[in-house]
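> Make a model of this:
(chains A and B)
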Amino acid sequence: MFTSPFQYRHVLSTTYILLCVALLRFSTPAVAAPPQTEAVRVYINASVPSQQLSDAVLRSIFSMRLTAWPDGSQIRVVVLNDAHPVHRQFSKSVLGIFPYQLRQMWDRGVFSGTGEAPIEVPTEQDMLETLATTPGAIGYLLQPSTTEGIELVERP
Amino acid sequence: MLSVHSTAHKHTLHKMTAMLKLSVLLLGLLGYGQASAEMRGSWNGFVSQGWILSDHNNFYGDSDGTRGSFDYRELGLNGFIQATPQLKFNAQILSRLAGATSDGDPDLDYLFADWSLLQQTDQQAGLRLGRIKNAYGFFNETRDIAFTRPGIIMPQSIYFDQVRELLLSSDGIALYYRKNTDQGQWLVDAQYGQLQTGSSTEAILMGRTWAGSFGDSTVKLARVIFEPNGERWRFGFTGLDSSLPFSPAPADLAFIPTAGKVTVQMAIVSAQYNQEYWSFTTEALQGKTRWHNLGPIFADAKTMRSFYLQLDHRLSHQWQLMLRYDQQQLDKDDPQGKAFSQRPGAGPGHQQYSRDWALGLRYQPDSQWDLGAELHQTEGTSWLFKQDNPDPTKLKKHWQMLILQAAYRF
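Residues are numbered from 1 along each chain as shown, chains lettered A, B, ... in the order given. Now for the predicted structure:
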């Protein structure tokens, strides 16, 4: 393939230089610190029977392992996209795991048939509407809301 | 030549019968499920294309050429139907091209019914029936999907591609149990099923392909994963036991006088530590292969040892760097392959081990694209494929490769 070892070294060194440039260019913090003034609140569709959920149970729900409410109806998880600051704050402060870990869990489920991905919405307004109109839905909002059709979850 | 053909034909037939049985079973269950009103479903797909350039040795096709090899391509479609809140059907069709080892023909990757038996806030359990991906290590269930792989290629020491069939999936039954305790979450999987054995299993476990073949081969496995609360660790342990009965054909009797079996037992420990910008993953494997009643040309037993260590650094939510060291010893009593190379026609001893350093860069501009580059610097040739490197005397002990891959999902 490479006619002389020199050419191969050339490819190697070029790649290493590119890697170093990438490292310098992108080694700024991956995510800006989320605003800590407001706490993310967990909301459910009004059809959901349980209004009190511990953080451990929320972790089971958002990792798509617990899939049914106590009455047997389906849990429908709603999230904002991975890079959204509210999603990052919810993931870290409520669930205690990083967004990339959630994504890995969902992907493992989707591509092995042992789970599925949550419903993903682009904005908090879409989150509010989806929560209000989807039976069994659970999601989160930064701003307190008294919109009809959703209820605040108590976290003991 | 004739025997090779008839062997291939036999394997295809065997595979088709198993698939047919599965399909009939699952279609029957689907008919039962259709009674439900709140049925829903979803589907996903992915496609990836790789390019490999290596010096001296071939990996996934004719990579040791001036143009490299494009023979690394994956295409998959999967979906599920939630028939009732308790019953879910899952399937994935996968076409995988990887040099001479995977031909790109569409295969049924998995197809199973998932029956949820227990759904409580602190514990869940269920039963799976059909073709199920083997719960082996942290990554086996999603080893063929670019987005879920820990690099462009799997750590070959533990997720070896030469005997994919032995690890990939099994047709049978699986039980799962998830439990939340004050200490953390426990995830337990137990599985029993029939393996899909083919010519590559024969080539690896029996030294070459024979006129005879493996009969109904089974695998038993169990995996426990523990994720401590409030900590960033994940721990895993997998135990696997498979049994492959072999019946020689008349043409084989000079070498294999009687019917016998090969058994493979493996234990894998896995650990992962996750920080916001850093992840560290390591897995180690010990595997024991035994040859029972198959005659003097086979050893009684051989023990394989491998491990890898991997460091991932997330530079931003789009860019990621990876450094991996991956080591494999096919025979712990012959780590340098000295005894192996004494055997007539065996070729060089470095076919018995590999030490691989890999450096990777990954760019995910959005959730649908995954682009990567990976450099490998390897000593030893144990995980190279005979089909891609037919003459062992031409293998080089020290070799390198560069892999590029683009993946898209929809």
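> Just the buried residues of the helix or strand hosting B:Leu221, please?
Using DSSP states H and E, B:Leu221 maps to strand B:218-228. Buried residues in strand B:218-228, counted by 16 or more other CB atoms under 10 Å in any protein chain shown: B:218-227. Bear in mind the C-beta positions are built from the backbone N, C-alpha and C, glycine included.
> Which helix or strand lies directly C-terminal to it?
Next along from strand B:218-228, by DSSP H and E: strand B:233-247.
> quick check, nearest of the buried residues of strand B:218-228 to chain A?
Using CB to the nearest CB, B:Glu227 comes nearest to chain A of the buried residues of strand B:218-228, at 9.2 Å.
> how about that closest one, what does it touch?
Listed by CB atoms under 8 Å, 6 or more residues apart in numbering or on different chains, the contact set of B:Glu227 reads B:184-185, B:187, B:233-235.
> Tell me the one of these nearest B:Phe70?
Closest approach to B:Phe70 among the contacts of B:Glu227 (CB to CB): B:Arg234, at 35.4 Å.
> is whichever helix or strand B:Gln124 is part of anywhere near chain A?
If you go by DSSP H and E, B:Gln124 is part of strand B:123-133. Yes: Strand B:123-133 reaches chain A (CB under 8 Å from any CB of the partner chain) through B:124, B:128, B:133.
> Check which residues of whichever strand in chain B runs longest are buried.
In chain B, taking DSSP state E as the definition, the longest strand is strand B:102-119. By neighbour count on 16+ other CB under 10 Å, the buried set for strand B:102-119 is B:102, B:107-114, B:116, B:119.
> again, but for stretch B:131-138
B:131-138.
> now do stretch B:88-97
B:88-97.
> And the strand holding B:Gln124, what does it pack against?
helix B:2-33, strand B:102-119, strand B:169-180 (3 or more CB pairs under 8 Å, 6 or more residues apart in numbering or on different chains; DSSP states H and E).
> What's the first helix or strand after it?
Using DSSP H and E, the helix or strand that follows strand B:123-133 in sequence is helix B:164-167.
> what residues does that following helix touch?
When contacts are defined by CB under 8 Å, 6+ apart, helix B:164-167 is touched by residues B:101-102, B:134, B:136, B:140, B:159-160, B:195-198, B:200-201, B:219, B:242, B:264.
> what's the model's confidence in it, averaged?
Across helix B:164-167, pLDDT averages out at 86.
> Contact partners for the residue of chain A at minimum distance from chain B?
Residue of chain A nearest chain B, by CB to the nearest CB: A:Gly113 (3.0 Å). With contact taken as CB under 8 Å, 6+ apart, A:Gly113 is in contact with B:78, B:80, B:90-92, B:110, B:112, B:114, B:133.
> and if we set it to 6 Å?
B:90, B:110 (CB atoms under 6 Å, 6 or more residues apart in numbering or on different chains).
> Let me know the closest of the residues of strand B:123-133 next to chain A to chain A.
Distances from chain A to these, taken by CB to the nearest CB, are shortest for B:Lys133, at 5.0 Å.
> Stretch B:389-397 and chain A in contact?
No: using CB under 6 Å from any CB of the partner chain, stretch B:389-397 stays clear of chain A, with a minimum separation of 11.9 Å.
> How about the residues of the stretch 301-410 of chain B by chain A?
Proximity of the stretch 301-410 of chain B to chain A, by CB under 6 Å from any CB, involves residues B:314-317, B:319, B:361, B:375.
> let's see 8 Å
B:314-319, B:321, B:359, B:361, B:367, B:373, B:375, B:400, B:402.
> Nearest to chain A within chain B, name that residue for me.
Evaluated by CB to the nearest CB, chain B has B:Asn90 as its residue closest to chain A, separated by 3.0 Å.
> Name the residues linked to that residue by a beta bridge.
Beta-bridge pairing of B:Asn90 under DSSP bridges involves B:Phe80, B:Phe112.
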